[in-house]
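> show me the folded form of this:
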Amino acid sequence: MASAQVTSGRWEGATIVVLEIGYTGNHSDRGTTQSVSDALKQYVGSTYTVKYHANGGNGSMNDQKFDMDSTVPLYGNRFTRTGYQFSGWNTKKDGSGTQYSDYNPIYNIANAGEVVDLYAQWTPNTYTVYFYSGGTGSGGGSSRSFTYDQAQNLPNPADVGISSINGTFTSWNTEYDGSGTSYQAGQSVKNLTADEYGSIYLYAQWKTTHTVHFRAYNATPEYFEDQRVADGDSATKPTDPVRPGFVFRGWTTGNSDDSSLYDFSTPVTEDVWLYALWDSYPYTIHYDANGGTGTMPDQNVASDPSVNTATLKSNEFNYNGRVFTGWNTKRDGTGTAYKENTSYAKLNITAANQIITLYAQWTTAKVKTIDAVTVKCAYSACYPVLPNEVKIHLSDGSTVVENVDWNKDQLDAIIDKGQSGLHLGDVFYIDSTSIVGFLNQRIRAKIVASDTIAPSLQGLDTVAARTNDTSFDTMYGINAIDDNDGDVTRNIKVSGNFDISKTGDYQLTYTVKDAAGNEATGNRTIHVTDDNIATITFNPNGGIGSMSPQTVTTDGSYQIFRSTKFTRVHYNLESWNTKADGSGKRYNAYGDWLENSDVPSNGKITLYAQWEHATYTVMFYPNLPNDSGIGIVNSQNIKYDEYEKLAGNTCMDPGYTFIGWNTEKDGSGTSYSDEQQVKNIYDKYGYSITLYAQWKANKYTVQFNANGGTGTMPSQTLTYDKNERLNRSTFKAPAGKMITGWNTKADGTGTGYDYCAPVKNLLTSGSITLYAWYSPIRYSSISVQTPPKKPRIRQAKRSIRQDLWYLRYRTMAILCNYQGASTRFLSRT
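As a prediction, this is how the structure comes out:
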């Protein structure tokens, strides 16, 4: 058999350099020549093969055979790869070989019989992540580009223009409401989508932020700090504030010094205000006589949560021929001076248990004079306010101020007398009981019943004036009334710049004094304008009181109707009208403006008060008998002088029926039916009335069933909430049995009641059936005497006396509530 082998050269068309052909078998020839084409076709073949590889993708493709010397396109790619786009073929996996496109025409890219491996080349998809704010945040719309299979860190909200005033960022989420997939800011993510040019939307999620306010007003310096804390998180304990003389104890939400300390592990769910708690240093005050004689115990000042205040003791030392003038931190008086019996908070305490020495200060001077004390009080109701200190002048020219106490009985007597009214000029005196440091000195205070009430300025509402109206008076519409002097308008003084020739707003100050010197001050704006001016006269139209006229502009640019001074009993001002009967032009009671068309040519207009009925309030109280029903306090506003139906009752109480209203809880007042038409039922003060619901206990019926016995028994009517005994049975018990009670069910599985026992509230209303319940008779003997004498009955080792009745040869004994025992009904023929 012949075989052929190409030993050199390359087939590039129809020639080959060397082709050796040999034989196998018993042939002696070395070889023979043959055409290249025939030899190749016979021994090598005329095709080559392309094998396709997914190279990371998925799917399969058949091999493709190519004829030599033919141009044929490659197969189209059928592989897929998630997150990637096919970009061509390559003879190397890593793309470093020869590149071919999809459907690329190829020509003799291999020798006949060879196999060419082509590897799919892939390009990762790119997609866009858009960032938006969810919940309480704002901003957003920025985006970042991502590449498939390449990790990238997500940004913080601030990096993409997103923020929240009252929220703390918690995460990104694929859903606006946070119900999707969550990611953290800074988290490395990839492959959020596999789509080329796909879009992913991430929404910032926020946790509500609360503010924790820390305040230490007494700290040095004052301490203010605010923390923003996410809902449910805990606040961080800040640096302790500092306060001289005090130890910081902690923070509290309370308003008192004994409030509990705040627990910083507490979840914050709302804004919190925390205040510093302090404990002052305990210290000791040592009093030194400084040349005087006698002793004074040290004063121990305990720790206090709010102040380190000490009330210094009154001097107990003596110094012959000298007067005590106070305490000082230095013996020679050059230190800090303090008064006796006075509270001080700044004693320069810097450490716990510190000892402060105060030295008595002495002078050889004598008391020369004590300043007089004169106090005015209102003659209509005198409540003298006496000074706590008096000024004492000494013989050496020095002056000291000391605390003084006054005779309380004398003060109370003046106050009591002042309740009934004093006369102007009445004089009283109150004596001092002690002056600190001057035990033998006394002073008397003079109390004068005086006019202490300032006049009342009226008409200070803004007014308008026409430019160059020389007739305009800045006192226009202004008056002053004093409780004692009457009309004191003549005493009013006007100050401030005003020029009627120039438009503008001028604020003038009006000051008035009464004869006693009491002063009142008020301001008014005068609007000077070129616009038309109207003068409004206000008519009470059934009301009482007085109002001065008011000038206003007619274009509405500058006018506010002044507050009404009119009143009308049981009425409120509803509006103003150009006609008394309300048929003219209507204006709101306050803040309205005139229209030119409503103002007569003379510029004067009268507005009539329009009144509407005021209302009084009817309060409805449930007044439930057992407080077990349904009822709330209700109210109704009813106009004065008009009939109106009372609101219907909405309350209920089981076992009771509503029967009406009454002005007294117990029904002893005035009664009203439900939804009654009423008029002016207010109380003596005229503003309101209280009505109490009235209730009647329901009646209900008890039906009796013999339940195996015989005979009849009439029904019994009982009253709700009342203890009542059930009637004695008139049924005949079955032979050998006696009645022992009642039951709500015939088989005894319901609620049981003892025979002749008191019962209460079996029903709220309606009827109920009770079934007789029987037990075998158990008694040893009955001793019978002729009625009406009482027999002796022996039963279960007990004896009882009870009346016996004889009816048709039947003896019956009724035993009810004997010594706490269960009720028994004995029957025997």
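> show me this protein divided up by domain.
2-123, 126-208, 283-363, 367-450, 615-697, 710-828 (automatic domain parsing).
> which residues does N484 contact?
424, 451, 453, 514-516 (Cβ atoms under 8 Å, 6 or more residues apart in numbering). Every residue, glycine included, has its C-beta placed from N, CA and C.
> distance to I500 added to the residues you listed, as a markdown table?
Converted to a markdown table, those look like this (distance: Cβ to Cβ, whole Å):
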| residue | distance to I500 |
| --- | --- |
| L424 | 42 |
| D451 | 37 |
| I453 | 35 |
| D514 | 30 |
| A515 | 33 |
| A516 | 35 |
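> just these now: which is nearest Y383?
When the contacts of N484 are ranked by distance to Y383 (Cβ to Cβ), I453 comes first, at 13.3 Å.
> what is the burial count for the residue lying closest to that closest one once chain neighbours are set aside?
Spatial nearest neighbour of I453, excluding adjacent residues (Cβ to Cβ, 6 or more residues apart in numbering): D483 at 5.1 Å. Using other Cβ atoms under 10 Å, D483 is surrounded by 15 other residues.
> starting from N518, give me the distance back to D483.
In this view, D483 and N518 are 9 Å apart by Cβ to Cβ, to the nearest Å.
> which residues do the two both contact?
Counting by Cβ under 8 Å, 6+ apart, the shared contacts of D483 and N518 are 451, 453, 455.
> from these, which is closest to P758?
Checking the shared contacts of D483 and N518 against P758 with Cβ to Cβ, the nearest one is I453 at 69.7 Å.
> the closest one: what's it in contact with?
Applying Cβ under 8 Å, 6+ apart, we find I453 in contact with 378, 380, 482-484, 518.
> and it, which of the three is it?
What DSSP: H, G, I helix; E, B strand; the rest coil gives for I453 is coil.
> do the same with K502
Under three-state DSSP, K502 comes out as coil.
> residues in contact with it?
467, 528.
> Y510 is in contact with E519, correct?
No - E519 is not in contact with Y510 according to Cβ atoms under 8 Å; the separation is 11.1 Å.
> and R490, its phi and psi?
When read as degrees, to the nearest 10, the backbone of R490 gives phi -60, psi -20.
> before we move on, back to that, now mean pLDDT, mean neighbour count and distance to N572 too, for the domains of the chain, in JSON lines please.
Formatted as JSON lines, these follow (pLDDT from 0 to 100; neighbours: other Cβ atoms under 10 Å; distance: least, Cβ to Cβ, whole Å):
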{"stretch": "domain 2-123", "mean pLDDT": "76", "mean neighbour count": "14", "distance to N572": "78"}
{"stretch": "domain 126-208", "mean pLDDT": "90", "mean neighbour count": "17", "distance to N572": "43"}
{"stretch": "domain 283-363", "mean pLDDT": "85", "mean neighbour count": "16", "distance to N572": "49"}
{"stretch": "domain 367-450", "mean pLDDT": "86", "mean neighbour count": "15", "distance to N572": "30"}
{"stretch": "domain 615-697", "mean pLDDT": "88", "mean neighbour count": "16", "distance to N572": "9"}
{"stretch": "domain 710-828", "mean pLDDT": "69", "mean neighbour count": "15", "distance to N572": "46"}
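> can you list the ones you listed in a markdown table and add distance to Q227?
Formatted as a markdown table, the domains of the chain follow (distance: least, Cβ to Cβ, whole Å):
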| stretch | distance to Q227 |
| --- | --- |
| domain 2-123 | 45 |
| domain 126-208 | 11 |
| domain 283-363 | 24 |
| domain 367-450 | 44 |
| domain 615-697 | 42 |
| domain 710-828 | 58 |
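> quick one, which of those gets closest to F704.
Across these, F704 has its closest neighbour in domain 710-828 (4.2 Å, Cβ to Cβ).
> ok, what's across the strand from A310?
Per DSSP bridges, the residues bridged to A310 are Y344.
> so it touches I285, yeah?
Yes - with contact defined as Cβ under 8 Å, A310 reaches I285; the gap is 6.2 Å.
> mutual contacts of the two, please.
Common neighbours of A310 and I285 (Cβ under 8 Å, 6+ apart) are 299, 301, 347.
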